[in-house]
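S.K.: Everything below, folded, please.
(4 chains)
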2 protein chains.
Amino acid sequence: MNADLPSTAIRVERPNKTLRELALDKVRDAIVDGYFKPGDRLVERDLCAQLGVSRTIVREVLRHLESEGLVANLPNKGPIVARLDLNEAKQIYEIRGALEGMAARLCAERRDPAIVEALEASLKGIRESYAAKDMSGVLSQTSGFYQTLFTKVDRDVAWGVVNLLTVRINHLRSMTIKTKNRDVEGPAQMEKIVEAIREGDGEAAYKAALDHVARAGAIAEALLAAQQTAE
Amino acid sequence: MNADLPSTAIRVERPNKTLRELALDKVRDAIVDGYFKPGDRLVERDLCAQLGVSRTIVREVLRHLESEGLVANLPNKGPIVARLDLNEAKQIYEIRGALEGMAARLCAERRDPAIVEALEASLKGIRESYAAKDMSGVLSQTSGFYQTLFTKVDRDVAWGVVNLLTVRINHLRSMTIKTKNRDVEGPAQMEKIVEAIREGDGEAAYKAALDHVARAGAIAEALLAAQQTAE
DNA sequence: CGATGTATTATGGCGTACCAGAATATAGCT
DNA sequence: AGCTATATTCTGGTACGCCATAATACATCG
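M.R.: Sure thing, here's the model as predicted:
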């Protein structure tokens, strides 16, 4: 073969995922999107019927999701969608703060206009999603914003950690983004992060990121507290 | 039943773990302890023979460990013990710094002598393990130190995150603790953390924790770089 | 000796079955 | 109606088997 070609120039891509991978995506999405709710039992034979796969596949999927923290396995109760109490939720927001703050600081110190540009694009998408009342768009554009924050400074491991934690609070996130004024305040706080990054101010970027996630956490705490009172 | 009794006074404890749980512990320990090394293939039928369980159990264990990041699944290669490159290792040390720093600060702000006492006990255990040349004792006592740091300020979620990450660098950790002078410098750096916590100085505790993990990371980086040069 | 083609073996994907224990339903008694 | 005992159903634990594909071994040819 022509020595000039890069070694991947004609590599065959493998298009198909296994049944297990497809099923994993489906069940995870069903939990994250609220189709299965916290506390719901995940009965293996029911999942087989719903997904159209064998118990082998279902069991392997459940093992994976248990490890991710989305599923809890209670003795003699079988698997259920994991519940998240107020204390755990608070801790997740706090950890996100520590890691997102760190990433924001690194972005600022990088002084790369491309980072600012990419973040601005996500922010614009968030605003547009709010305007279109597209809440799932708001969530995915927000994820895009943070993915940029981490991956532009090569922090894939931290991004993985934040992702796993964020998935566990997705239900809360879908609630917090809908609260009064959040459509204005949320993007404004994120704009502060971007501003500090544009100015190369690491400390300000760090604080702005911390502040944003702390406020989101405070809203979530109020919502959870109200929910637990109502029960 | 006598109303004076606490509701758990006669509760039946369930002593037995499932085969899957036992197997999961065995395989995880085998990876963490270096019995299986990074890059080793984990052939299902071989694991069945070694563990004395069916492929169902083995597959579920592999799914769990994949999700934890200890096992990687390559298309048409099957599962292997995950490798950790220099970049990922550095990121793990950095994340630990952010979270352990946060926990150290919270410990200092708590101003609770019991925390200091518990940390001193772990530190003493680390020193004794070094003196006895018991490296696995050093590792487990160090884990005890950090578990205390997190759980004494009710940060179980962060502790879970740090634990998952630490397990991935256990091989590196067993190397860093053996380097020259580490038996003296390591505990001395940890003593600084405890000192700042005793004095209620959150900022100093934060910085000392950051410093300690950064130095451990630097040693690990040097070891990994040497290792990759030798290959 | 290297390249190619073919045969054989290895291995992961996936499905099905059986068992034991827990949960639930039902019957009987007071 | 409530309690207890028994029967039935449900469900997770675990094992085994088959298939298809990939990897490896081997044979042949130039």
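
S.K.: burial count for A:Ala104?
M.R.: 29 (other Cβ atoms under 10 Å in any protein chain shown). From N, CA and C alone the C-beta is placed, and that goes for glycine too.

S.K.: now A:Gln50
M.R.: 15.

S.K.: Next: the one 5 residues further on.
M.R.: Using other Cβ under 10 Å, A:Arg55 is surrounded by 13 other residues.

S.K.: same question, A:Asn73
M.R.: Count around A:Asn73 with other Cβ under 10 Å applied: 16.

S.K.: ok, now A:Ile115?
M.R.: 20.

S.K.: So which bits of the helix or strand A:Leu62 falls within are buried?
M.R.: Here A:Leu62, judged by DSSP states H and E, is contained in helix A:55-68. Burial within helix A:55-68, assessed by neighbour count using 16 or more other Cβ atoms under 10 Å in any protein chain shown, is assigned to A:57-68.

S.K.: What is whichever helix or strand comes after it packed up against?
M.R.: Next in sequence after helix A:55-68, counting helices and strands by DSSP H and E, comes strand A:71-74. If you count contacts as 3 or more Cβ pairs under 8 Å, 6 or more residues apart in numbering or on different chains; DSSP states H and E, strand A:71-74 packs onto helix A:55-68, strand A:78-81.

S.K.: need the least confident one among those, by mean pLDDT.
M.R.: Ranked by mean pLDDT, the helices and strands packed on strand A:71-74 bottom out at strand A:78-81, with a mean of 92.

S.K.: who touches that strand?
M.R.: A:31, A:36-44, A:62, A:66, A:70-74 (Cβ atoms under 8 Å, 6 or more residues apart in numbering or on different chains).

S.K.: hmm, which of these are the buried ones?
M.R.: By 16+ other Cβ under 10 Å, these give A:31, A:36, A:38, A:42, A:44, A:62, A:66, A:70-73 as buried.

S.K.: The residues you listed: which two are farthest apart?
M.R.: In those, two members sit farther apart than any others by Cβ to Cβ. They are A:Pro38 and A:Glu44, at 18.9 Å.

S.K.: Rounded mean pLDDT for the helix with the most length in chain A, please.
M.R.: What stands out as the longest helix in chain A, according to DSSP state H, is helix A:202-230. For helix A:202-230, the mean per-residue pLDDT is 90.

S.K.: residue in chain A nearest to DNA strand D?
M.R.: A:Gly78 (2.9 Å; Cβ to the nearest atom of the strand).

S.K.: ok, what's across the strand from that residue?
M.R.: A:Gly78 has these beta-bridge partners by DSSP bridges: A:Leu74.

S.K.: quick revisit: the helix holding A:Leu62 versus helix B:55-68: what angle between them?
M.R.: Going by axes from the mean of the first three to the mean of the last three Cα atoms, to 10 degrees, helix A:55-68 is angled at 30 degrees with respect to helix B:55-68.

S.K.: Need the residues that contact helix A:55-68.
M.R.: So helix A:55-68 is contacted by A:19-20, A:23-24, A:27-28, A:31, A:42, A:44-45, A:47-48, A:51, A:71-73, A:79, A:164, A:167, B:20, B:56, B:59-61, B:63-68 (Cβ under 8 Å, 6+ apart).

S.K.: Within range of DNA strand C, give me the residues from chain A.
M.R.: A:18-20, A:53-57, A:76-77 (Cβ under 7 Å from any atom of the strand).

S.K.: neighbour-wise, which of the residues you listed leads?
M.R.: Neighbour max across the residues of chain A next to DNA strand C (other Cβ under 10 Å) = A:Ile57, 20 neighbours.

S.K.: Output the helices and strands packed on strand A:71-74 as a markdown table; include the columns distance to B:Ala209.
M.R.: What follows is the helices and strands packed on strand A:71-74, written out as a markdown table (distance: least, Cβ to Cβ, whole Å):
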| stretch | distance to B:Ala209 |
| --- | --- |
| helix A:55-68 | 27 |
| strand A:78-81 | 35 |
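
S.K.: Compare these and report which one is nearest to A:Asn181.
M.R.: Short answer: strand A:78-81, nearest of the helices and strands packed on strand A:71-74 by Cβ to Cβ, at 30.5 Å.

S.K.: Would you mind identifying the next helix or strand past that closest one?
M.R.: Proceeding N to C from strand A:78-81, the next assigned helix or strand is helix A:86-110, under DSSP H and E.

S.K.: the inter-axis angle of that next one versus helix B:86-110?
M.R.: Going by the same axes, to 10 degrees, helix A:86-110 makes 120 degrees with helix B:86-110.

S.K.: What residues of helix A:86-110 count as buried?
M.R.: Buried-residue list, helix A:86-110, by 16+ other Cβ under 10 Å: A:88-108, A:110.

S.K.: Run through the neighbouring helices and strands of it.
M.R.: Against helix A:86-110 (3+ Cβ pairs under 8 Å, 6+ apart) you get helix A:135-151, helix A:156-168, helix A:182-198, helix A:202-230, helix B:86-110, helix B:156-168.

S.K.: between that helix and helix B:156-168, how big is the angle?
M.R.: Using the same axes, to 10 degrees: helix A:86-110 against helix B:156-168 is 60 degrees.

S.K.: Okay, angle between helix A:86-110 and helix A:182-198 too, please.
M.R.: Going by the same axes, to 10 degrees, helix A:86-110 makes 40 degrees with helix A:182-198.

S.K.: I'd like the mean pLDDT over helix A:86-110, please.
M.R.: Across helix A:86-110, the per-residue pLDDT values average to 95.

S.K.: any idea of the angle the helix or strand that that helix is followed by forms with helix A:182-198?
M.R.: Downstream of helix A:86-110, the first helix or strand assigned by DSSP H and E is helix A:113-131. Angle, helix A:113-131 to helix A:182-198, by the same axes, to 10 degrees: 180 degrees.

S.K.: which bits of chain A sit near chain B?
M.R.: A:14, A:20, A:56, A:59-61, A:63-68, A:75, A:87-88, A:91-92, A:94-95, A:98-99, A:102, A:154-158, A:161, A:165 (Cβ under 8 Å from any Cβ of the partner chain).

S.K.: Identify the residues contacting stretch A:139-159?
M.R.: With Cβ under 8 Å, 6+ apart, stretch A:139-159 has contacts from A:99-100, A:102-104, A:106-107, A:110, A:112, A:114-115, A:118-119, A:122-123, A:125-126, A:129, A:162-163, A:166, A:170, A:173-174, A:177, A:190, A:209, B:87-88, B:91-92, B:94-95, B:165.

S.K.: which parts of it are buried?
M.R.: Neighbour-count burial for stretch A:139-159 flags A:139, A:141-150, A:152-153, A:155, A:157-159 (criterion: 16+ other Cβ under 10 Å).

S.K.: what do you get for stretch A:195-211?
M.R.: Applying 16+ other Cβ under 10 Å to stretch A:195-211 flags A:196-198, A:201-202, A:204-210 as buried.

S.K.: In a markdown table, list these along with distance to A:Arg83.
M.R.: Formatted as a markdown table, the buried residues of stretch A:195-211 follow (distance: Cβ to Cβ, whole Å):
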| residue | distance to A:Arg83 |
| --- | --- |
| A:Ala196 | 36 |
| A:Ile197 | 36 |
| A:Arg198 | 41 |
| A:Asp201 | 40 |
| A:Gly202 | 38 |
| A:Ala204 | 37 |
| A:Ala205 | 34 |
| A:Tyr206 | 32 |
| A:Lys207 | 32 |
| A:Ala208 | 32 |
| A:Ala209 | 28 |
| A:Leu210 | 27 |
